[in-house]
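A.B. asks: Model the structure of this input:
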Amino acid sequence: MLTIGLSHDIHLILGASLLTGICSVIPQIFIPIASQFSKPENKGRNVGIVVSGLLTGILASRVVSGFVGEWFGWREMYFIAAGLMFICAIVVLSILPNIQPNFKGKYSDLMKSLFSLLKEYPQLRIYSIRSGLAFGSFLAMWSCLAFKMGEAPFFASSDVIGLLGLCGVAGALSASLVGKYVKQVGVRPFNFIGCALLLFAWLLLYMGENLYAGIIAGIIIIDVGMQCIQLSNQTSIFELCPKASNRINTIFMTTYFIGGSLGTFLAGTFWQLHGWHGVVGVGAILTSLSLLITILSKK
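C.D. replies: Predicted coordinates:
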């Protein structure tokens, strides 16, 4: 963060950004830790709380960065972020328990065991792929929202665009509630609910594309739908093999972010070709594919 804030060389900024992306995997480790240290009856709720915190931070950062970037400059935002990371490092070192590794062996064997888990648990493949496709739909909206809001009829500034992140926070806060009821409702019904909400959100974002009300409603609903899909699937994977929860989460999150990257890439491509309607099409198709997997898998 400090390197990006101080640098005037684009190659140095790209290198530091790559390092930031690699290190950003650390918060995802807290999810299996929350599952590991939770009682069975509280596992879904506790995982939901952690995911809610992660997503709230991601979305709230859009609000903060929008205002700081608009009034003080983008470099100052990176300096603030570096300071916050320093504080987080101290807190983590002070609070995180000493956890002994469950896997004994070489790192290469550890990586090979990921493929064994994929082969052994078909549910893991299903849960990961359909969640990744839904996340691609989710990021398709967020990756192109600033472009949409910056043109007619909105012509919104970066601080106003950042405020839309607060709408996403409302959806992210539903994560703890979703996690609480995963076992009672079931992972498959939650996926149907989540996909239905995503498709409805895309319909609102299409029909209300020139209205703040349509955009805001779409953001809130797409965030709630995403929580239904992610949390139901992610909570369920930890029950497949509790001793390998970190490795199972690695498979899930890798697939998850591959799907997110696919959605971002396709949304950017179709924005150039067809504008906002192209983005809506990408989001709707990815959601439909996730729904199709749920229908065919019956899990």
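A.B. asks: Against which helices or strands is whichever helix or strand Ile295 is part of packed?
C.D. replies: Secondary structure assignment for Ile295, by DSSP states H and E: helix 276-297. With contacts defined as 3 or more Cβ pairs under 8 Å, 6 or more residues apart in numbering; DSSP states H and E, helix 276-297 has these neighbours: helix 122-150, helix 187-207, helix 245-274. In short, each C-beta sits where N, CA and C put it, glycine included.
A.B. asks: Tell me the buried residues in the shortest one?
C.D. replies: Buried residues in helix 187-207, defined by neighbour count with 16 or more other Cβ atoms under 10 Å: 187-188, 190-191, 193-195, 197-202, 204-206.
A.B. asks: who touches the residue of the chain positioned farthest from its centre in this structure?
C.D. replies: With distances taken from the mean C-alpha point of the chain and given as Cα atoms, centre = their mean, the most distant residue is Gly105, at 31.2 Å. Remark: with contacts taken as Cβ atoms under 8 Å, 6 or more residues apart in numbering, Gly105 is in contact with nothing.
A.B. asks: how much space between it and Asn246?
C.D. replies: For Gly105, the distance to Asn246 (Cβ to Cβ, to the nearest Å) stands at 14 Å.
A.B. asks: and what of Gly66?
C.D. replies: For Gly66, the distance to Asn246 under the criterion Cβ to Cβ works out to 34 Å.
A.B. asks: Any regions of the stretch 51-200 of the chain where pLDDT drops low?
C.D. replies: Along the stretch 51-200 of the chain, the parts satisfying pLDDT under 70 run over 102, 175-176.
A.B. asks: Need the three-state assignment for Phe30.
C.D. replies: helix (DSSP: H, G, I helix; E, B strand; the rest coil).
A.B. asks: show me what contacts it?
C.D. replies: If you count contacts by Cβ under 8 Å, 6+ apart, Phe30 has them with 50, 54.
A.B. asks: same question, Gly15
C.D. replies: Thr3.
A.B. asks: burial of the closest residue to Phe192 other than its chain neighbours, as a residue count?
C.D. replies: Spatial nearest neighbour of Phe192, chain neighbours left out: Thr294 (6.4 Å); criterion: Cβ to Cβ, 6 or more residues apart in numbering. As a burial measure, Thr294 scores 24 neighbours (other Cβ atoms under 10 Å).
A.B. asks: Surely Thr294 touches Arg188?
C.D. replies: Yes. Contact between Thr294 and Arg188 holds when scored by Cβ atoms under 8 Å: they sit 6.3 Å apart.
A.B. asks: coming back round to it: what's the helix or strand for the residue farthest from the centre of the chain?
C.D. replies: With the criterion set as DSSP H and E, no secondary-structure element contains Gly105; it sits in neither a helix nor a strand.
A.B. asks: Could you report the distance from it to Val25?
C.D. replies: 21 Å.
A.B. asks: ok, now Leu286?
C.D. replies: When Cβ to Cβ is the yardstick, Leu286 and Val25 sit 23 Å from each other.
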